[in-house]
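In: Fold the following for me, if possible:
(one chain, ligands or ions: 2)
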Amino acid sequence: MNCRVCKKKAVIAIPRHNTAFCADCFDKYLMDQVRKTIKEFRMFSPDDRILLAVSGGKDSLALWDILTRLELDVLGYHLDLGISEYSKESTEKTRLFAEKRGYRLIVEEIESETGATLPVIAESTKRPPCSACGLSKRHLFNRAARQYDCQVLATGHNMDDEASRLLGNILHWQDGYLEKQFPALPAEGGLIRKVKPLNRLTEKEMAAYAYLNGIDYVIRECPMSADAKQIFYKKILNDIEKESPGTKQFFYFGFLERSQKMFPLSKETSPPSENCKMCHEPCYTDICSFCRLKMKLSPFPESSETEDTPITFITPNIS
Ligand code: SF4
Ligand code: ZN
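Out: Ligands and ions are numbered 1, 2, ... in the order given. Predicted structure coming up:
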């Protein structure tokens, strides 16, 4: 199989585009796809500082590399969830990646923030682990964005993630989630603007980018992931894709085209009029959901107010 562009030996086939690329032409293709997404969804303004959520997996580390190559101002943020060996490996790989490339990284620990690791939080509060994790990440990402003067939060969700999530949301007609399934969401309700620049690229393409660029990432899945359905939906879409290349992209982008009519983004939501009485982050009630989660872990919290967050390390210094 040869590269469709330069006829050198191909390293990857992309059946949905009926094409194949050598390493150099694949790199150009992938960078073009990300540039196109950023432009189409107006993800960044020239002066934006981007807070990038980095898990240590292939997508977020590759996105860090790509956004840096595009000369954007990126600050990595990794939350150590305290999930035994998995978190140790994730934090270590993220830290090594940043150090090697001289990228700026903030690492915070859920245990320093709440007094408990994610498995203990889930167990003590009887909340599904992913729900406690999502709630904590939302709060801590937003707080870090304010602390480090970032205007937008980027995540490494790829097309497979988005298409399988879409399938699940449609099968259960989760209107509230469908409304939020856009790759660029404006700031609302005290939450920072959010973008997903990899939504045009598949899992396989991101793994190929990581491999070709020597990115050492965490391969195993998070052991707390109870979302077997998400994996099942990915498998179904991959089976359909095998029979009919291009269907996954058509399904997901077909939704995005229609979703702008169904759920116009211009809809304004009023910003929170209050600040949490405990952490002073913006919220709609007296006490934000993150502080309520912490109270469930420790019903009589010390009046800690807003002590500075303990930050494990930052590489190198952030200006
Ligand atoms: Fe958090 Fe769940 Fe993802 Fe694990 S699988 S990182 S617990 S959201
Ligand atoms: Zn709070």
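
In: Now do the host helix or strand of residue 25: everything it contacts.
Out: Using DSSP states H and E, residue 25 falls within helix 23-40. With contact meaning CB atoms under 8 Å, 6 or more residues apart in numbering, helix 23-40 is reached by 3-6, 8, 11-12, 14, 21, 43-44, 66, 69-70, 183, 195, 197-201, 205, 208-209, 212. (C-beta placed from N, C-alpha, C; glycine too.)

In: Show me which of the residues you listed are buried.
Out: Among the contacts of helix 23-40, those classed as buried by 16 or more other CB atoms under 10 Å are 3-5, 11-12, 14, 21, 43-44, 66, 183, 195, 197-201, 205, 208-209, 212.

In: so of those, which ones are in strands?
Out: Counting by DSSP state E, the part of those found in strands is 12, 14, 21, 195.

In: In space, what's closest to the residue in the stretch 1-150 of the chain positioned nearest to ligand 2 - neighbours in sequence excluded?
Out: Residue of the stretch 1-150 of the chain nearest ligand 2, by CB to the ion: residue 139 (7.3 Å). Spatial nearest neighbour of residue 139, excluding adjacent residues (CB to CB, 6 or more residues apart in numbering): residue 290 at 3.7 Å.

In: Name all residues that make contact with that neighbour.
Out: 135-136, 138-140, 279, 281.

In: What of residue 47?
Out: So residue 47 contacts residue 151 (CB under 8 Å, 6+ apart).

In: What strand or helix carries it?
Out: In this assignment (DSSP H and E), residue 47 forms part of neither any helix nor any strand.

In: Report the separation between it and ligand 1.
Out: Note on residue 47: its distance to ligand 1, by CB to the nearest ligand atom, to the nearest Å, is 31 Å.

In: Now do the strands in the stretch 201-319 of the chain.
Out: Assigned strands in the stretch 201-319 of the chain, in chain order: 274-275, 282-283, 313-315 (criterion: DSSP state E, counting those that start in this stretch).

In: Count the neighbours of the nearest residue to residue 15 once chain neighbours are set aside for me.
Out: Nearest residue to residue 15 in three dimensions, chain neighbours excluded: residue 245, at 3.9 Å (CB to CB, 6+ apart). Residues within reach of residue 245, counting by other CB atoms under 10 Å, total 16.

In: Would you confirm that residue 245 contacts residue 19?
Out: No: applying CB atoms under 8 Å as the test, residue 245 and residue 19 come out as separate, 10.6 Å apart.
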